[in-house]
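Q: predicted structure and sequence below. I'll ask about it afterward.
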Amino acid sequence: MSDHQKLPDFIIIGAQKSGTTALWKCLRKHPEIFMPEEKEINYFKSDENNYAKGIDWYAGFFKDSKDEKSIGEASPRYLFYPDVAEKIHRFNKDIKLICILRNPVDRAYSHYWHNVRDGLEDLSFKEAVDREKERIKESDYNYRAYSYISRGFYYDQIRHFLDYFDITQIHFIIFEELIKHPAEIIEKTLEYLNVDTSFIPKMDHVNQASALKYPLIYRRIRSKSDYMLDIVREKTSYAIRDKISRLLRKIFTNKGKYPRIDPKLRKYLERIFNEKNRMLSQLLNKDLDIWNGE
């Protein structure tokens, strides 16, 4: 690593399906913040082999930064993987972390429908919940893709980070508050990053998973397009890859919201998360009553 390399001083670490893309897009609009056009670099997540590529590879994503006051990236998978916190601490023990937390039941259901939309899930949500423990043991891919419930135990995941970072280094955002009061939450985030709060970027609408048409056809086309893009990844911009993914989704998905979760299943999942949510509330000294009910 050369002395002149610019590297991030903040990272959005998660949680997945909790508005990280909307926040990333919003912060990129601020003139005093640089975030690369590629989201989810996943450098510190070792199972993607990016960490082995070294710090120079990582620094390449920030080479276009100029005189911005703050440089960051967003990789929402970081929160879920226990080994990430130690790697980030080794990289920069003073780094600022941003963590968005969403009602874990809604997060799990959104995660499920994201997979359905992408042709990655054939089970019903209840079946997926019932079989999660066995499925995620089968492979690294399954652990990443089908951890609907496991990803919602935020208390345990945050404790991993607190083994290396003081809690004051983590700026927590509650997803539901971000949706209700975006300007207020964005302003607090800008304050945390120590950048100008006189300009508050407008946050785009948070994307919601939608139902998939022709799943078999979509899955076949998507797998081939992903394969080709992986081959030319180093020469293809994130913007181009993102446009291709969005085009496929536009063609193969229905507009509108996915169906509401079965009330009995929701109650069952709320009971599963209840104790960890209570512990999380105490840890953050934050009332999480906003997660009670639908």
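A: Thanks, I have it. Since the model is a prediction, treat every value here as computed from it, not as a measurement. Numbers count the residues shown, from 1 in each chain.
Q: in contact with E32, which residues?
A: By CB atoms under 8 Å, 6 or more residues apart in numbering, the contact set of E32 is 68-70, 195-196. For the C-beta atoms, the positions are set from N, CA and C on the backbone; glycine is no exception.
Q: which of these are buried? Put it as a PyMOL command.
A: Here is the PyMOL command that picks out the buried ones among those, judged by 16 or more other CB atoms under 10 Å:
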select buried, resi 68+70+195
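Q: could you export the contacts of E32 as TSV, including secondary structure and distance to D9?
A: Converted to TSV, the contacts of E32 look like this (DSSP: H, G, I helix; E, B strand; the rest coil; distance: CB to CB, whole Å):
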residue	secondary structure	distance to D9
E68	coil	10
K69	coil	9
S70	strand	6
V195	coil	11
D196	coil	16
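Q: can you list the contacts of E32 in CSV and add distance to K29 and pLDDT?
A: What follows is the contacts of E32, written out as CSV (distance: CB to CB, whole Å; pLDDT from 0 to 100):
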residue, distance to K29, pLDDT
E68, 12, 97
K69, 15, 97
S70, 13, 98
V195, 12, 98
D196, 12, 98
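Q: in the chain, which spans are strands?
A: With DSSP state E as the criterion, the chain has strands at 10-14, 33-34, 70-74, 96-101, 170-174.
Q: quickly run through the sheet partners of the fourth one, with directions.
A: Just to be clear, that refers to strand 96-101. Using DSSP bridges, the strands paired with strand 96-101 are strand 10-14 (parallel), strand 170-174 (parallel).
Q: redo those as a markdown table? Include mean neighbour count and distance to R151.
A: As requested, these are arranged in a markdown table below (neighbours: other CB atoms under 10 Å; distance: least, CB to CB, whole Å):
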| stretch | mean neighbour count | distance to R151 |
| --- | --- | --- |
| strand 10-14 | 26 | 8 |
| strand 170-174 | 19 | 16 |
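Q: rewinding a little: need the strands of the chain in TSV with distance to I88, can you?
A: TSV is the format used below for the strands of the chain (distance: least, CB to CB, whole Å):
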stretch	distance to I88
strand 10-14	7
strand 33-34	18
strand 70-74	11
strand 96-101	8
strand 170-174	11
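Q: quick one: closest of those to L123.
A: For the strands of the chain, the distance to L123 is smallest for strand 10-14, at 24.2 Å, taking CB to CB.
Q: from T197, how far out is K133?
A: 45 Å (CB to CB, to the nearest Å).
Q: ignore what I typed, I meant E270.
A: Applying CB to CB to E270 and T197 gives a distance of 36 Å.
Q: so between these two, which is more surrounded?
A: E270 (17 against 14; other CB atoms under 10 Å).
Q: do you know the pLDDT at that one?
A: E270 is assigned 97 on the pLDDT scale.
Q: how about K257?
A: What the model reports as pLDDT for K257 is 73.
Q: out of the strands of the chain, which is closest to N274?
A: Of all the strands of the chain, strand 96-101 sits nearest to N274, with 15.2 Å by CB to CB.
Q: ok, and what's touching the closest one?
A: With contact meaning CB under 8 Å, 6+ apart, strand 96-101 is reached by 9-15, 18-20, 23, 72, 76, 79, 88, 154, 158, 161, 165, 169-175, 178, 189, 192-193, 280.
Q: gap between the two ends of stretch 25-41?
A: 15 Å (CA to CA, to the nearest Å).
Q: actually, stretch 43-57.
A: Distance across stretch 43-57, first residue to last, is 9 Å (CA to CA).
Q: buried stuff in it?
A: 43-45, 48, 50-51.
Q: just stretch 124-137 next, same as before
A: Buried residues in stretch 124-137, counted by 16+ other CB under 10 Å: 125, 128-129, 132, 135-136.
Q: by pLDDT, give me the weakest of the buried residues of stretch 43-57.
A: The member of the buried residues of stretch 43-57 with the lowest pLDDT is E48, at 70.
Q: show me the contacts for that residue.
A: By CB under 8 Å, 6+ apart, the neighbours of E48 are N42.
Q: quick check: K286 touching F172?
A: Yes: K286 is within contact range of F172, at 7.1 Å (criterion: CB atoms under 8 Å).
Q: distance from the chain centre to stretch 64-80, please.
A: Centroid separation between stretch 64-80 and its chain, computed with CA atoms, centre = their mean, to the nearest Å, is 13 Å.
Q: what comes up buried for it?
A: When burial is assessed from 16+ other CB under 10 Å, stretch 64-80 yields the following buried residues: 65, 68, 70-80.
Q: distance check, the closest residue to L283 other than its chain neighbours against L193.
A: In this structure, L283 finds its nearest non-sequential neighbour in Y155, 6.3 Å apart by CB to CB, 6 or more residues apart in numbering. Distance from Y155 to L193, counting by CB to CB: 25 Å.
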